[in-house]
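Asker: return a 3D structure for these sequence lines:
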Amino acid sequence: MTLTAMASMRAGRLPLLLCLTLSACMVGPDYHRPDAPVPVTYKELQGWTIAEPQDATDRGPWWSIYRDPELDRLERQVNVSNQTVKEFEAEYRNAVALVQEARAGLFPTVGLTTSVTHGPGFGGGGRSSSNVSTASTATTTGGGGGSGGGGGAPVTQYSIEGSIDWTPDVWGRIRRQVESQVAAAQVSAADLANAQLSAQMTLAVDYFDLRAEDSLTDLLRRTVAAFDATWRITHNQYLAGTSSLADDVEARAQLEGARAQLVGVGVQRALFEHAIAVLTGHPPAELTIPFGLMPGAVPALPPGLPATLLQRRPDIAAAERQMQQENALIGVQVAAFYPDISLSTLGGFVGSPLSQLFTAANRIWSLGASASETIFEGGERSAAVAAARATYDQSVANYRQTVLSALQQVEDELASLRILAQQAAAEQVAVDATQRAVDVLLNQYRAGTVAYTAVVTEQTALLSDQQTALSIQQSRLTASVDLITALGGGWTTGALPNRNSLQTWDPSVAHPPAPTTVSQ
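Answerer: Predicted coordinates:
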């Protein structure tokens, strides 16, 4: 063999020797975040402006932008009492504990065994009673048993042995498992934030739906009062003989129909109030929300650049962390191709009597090392690596689809807010015009120049236009909440627990490192 070949062999063995010496090698691919399909700007942002008031932006929880104390009071109960959020919080604590469980494999296992054995001497056939714990096989040196050919007296033997067993993480299998579990814990933290944001969003939507019912109640009360005044005019004219019985009956029917509609509003309001109670973790009987109208302004957070969604959305963060989790598991499967190396040591004392147990003559010890490698397994390990890579590719596709869906949601809500604002302005013009028509026709009816049916028709049209205006305002508020949610509700990836805090958490502590909650 030439010197060049021998040098080449030594160079080839050098990485292996370093791995064995330092236990610092980690097989498998290192994680790099794949690119996501993110545009430069939002398509629907052109022509869209943030409604007043803007001075409430970024001054507290995201819902404070609506300046509603009752909404603020209810939202703050979500993270404390919502049972779905509590479920995800428990899941997160479990994920953190699994990090510690995986990390424990990096350290040696230390054991202690004690035993007392009472029995006949060599050659004896007497009885024995024993309390024996299993220990590693060791060679005993020194006193303890007698040595004679005949039956000896019963002997009591004592032993105390300590053992250390360690499997060095030469190929990085355990460290890849820790890496995977850390990423899984961060996935769980992001899922928790997403659950909080979802519950907060649902509560806000239900709250504005309830306020829409209150505003409808207010509208119908005013409508009933107006219809009642109109009926009294018609009734007095009927009594005076200047109008027909048909006009009087029609006006009364219109009035009672509005009253019936007013009563029916209470059903939907009660349902929304019950839903809000459950979201805040309370039985419906324990929550009563006082009457109030919908906000007149429809604020929204500035959307920023599309690229910021990668840091602002907890669901995107969860999908991204899942990619690292699956990437690390590829390394776990690759490590299965390499031999398992184990080290063990045992030391202690065995002998009798107890007063002389801890002497040099009774000392025992052993050292051991082993390596095992599967020679043939029919392609099982190769298939496991291929499966892990396929699962990783699946997580990449899921991440990119999550980003696309998030971009779609922002675009949808930007379009909704822009178009609904235009519709609200047009509807308000219709309401004002119809109101003027009602006033004119009612004066003409009093003067006897038009029939009452013209008044009824226009009043019905006015009520319909006013209800449509309320519905548009309700949709604008809902779209505003949806946009804030689509933008992450003020959450950022900086709220995720970092790798160091997850790995150094002491399980004896009551709570694991808590991620920053959404708008808390």
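Asker: wait, what's in contact with Ala433?
Answerer: Residues near Ala433 by C-beta atoms under 8 Å, 6 or more residues apart in numbering: none. C-beta: built from backbone N, CA, C; applies to glycine.
Asker: is Gly378 located within a strand, as I assumed?
Answerer: No - under the criterion used here (DSSP: H, G, I helix; E, B strand; the rest coil), Gly378 is coil, not part of a strand.
Asker: gap between it and Phe337?
Answerer: Between Gly378 and Phe337 the computed distance is 14 Å (C-beta to C-beta, to the nearest Å).
Asker: surely Tyr399 and Ile316 touch.
Answerer: Yes - shown here, Tyr399 and Ile316 form a contact pair, counting by C-beta atoms under 8 Å, at 7.5 Å.
Asker: hmm, Met201 is touching Ala479, no?
Answerer: No - the pair Met201 / Ala479 is not scored as a contact, 11.9 Å apart, by C-beta under 8 Å.
Asker: the more surrounded of Gly378 and Phe337?
Answerer: Counted by other C-beta atoms under 10 Å, Gly378 and Phe337 do not tie: Phe337 has more neighbours, with 14 against 7.
Asker: report pLDDT for the more buried one.
Answerer: Phe337 is assigned 90 on the pLDDT scale.
Asker: what pLDDT does the nearest residue to it once chain neighbours are set aside get?
Answerer: What sits nearest to Phe337 in space, not counting adjacent residues and going by C-beta to C-beta, 6 or more residues apart in numbering, is Arg381, at 5.8 Å. Per-residue confidence (pLDDT) for Arg381: 90.
Asker: and Arg381, that's in a strand?
Answerer: No - Arg381 is assigned helix when assessed by three-state DSSP, not a strand.
Asker: contacts only, for it.
Answerer: Going by C-beta under 8 Å, 6+ apart, the list of residues near Arg381 reads 333, 336-337, 374.
Asker: how near is it to Arg418?
Answerer: 56 Å.
Asker: the residue nearest the centre of the chain: which element?
Answerer: Most central in the chain under C-alpha atoms, centre = their mean is Asp191, positioned 1.7 Å from the mean C-alpha point. Assessed by DSSP states H and E, Asp191 sits inside helix 173-240.
Asker: check Ala469 too.
Answerer: helix 452-486.
Asker: got the angle for that helix vs helix 173-240?
Answerer: 170 degrees (axes from the mean of the first three to the mean of the last three C-alpha atoms, to 10 degrees).
Asker: beyond helix 452-486, next helix or strand please.
Answerer: By DSSP H and E, the next helix or strand past helix 452-486 is helix 499-504.
Asker: check which residues of that following helix are buried.
Answerer: Neighbour counts using 16 or more other C-beta atoms under 10 Å place 502-503 of helix 499-504 among the buried residues.
Asker: any idea of the pLDDT on His282?
Answerer: 93.
Asker: tell me the contacts of it?
Answerer: Contacts of His282 by C-beta under 8 Å, 6+ apart are 77, 81.
Asker: quick one: it and Thr114, what's the gap?
Answerer: For His282, the distance to Thr114 - C-beta to C-beta - is 56 Å.
Asker: now do Ala185
Answerer: Ala185 is 39 Å from Thr114, by C-beta to C-beta.
Asker: now Ala384
Answerer: Taken as C-beta to C-beta, the span from Ala384 to Thr114 is 42 Å.
Asker: more neighbours: these two, which one.
Answerer: Remark: of Ala384 and Thr114, Ala384 carries more neighbours, 18 against 13, as counted by other C-beta under 10 Å.
Asker: which residue packs closest to the more buried one, ignoring adjacent ones?
Answerer: Sequence neighbours aside, Gln333 is the residue nearest to Ala384 in space, at 4.5 Å (criterion: C-beta to C-beta, 6+ apart).
Asker: name the element that neighbour belongs to?
Answerer: Assigned by DSSP H and E, Gln333 falls within helix 314-335.
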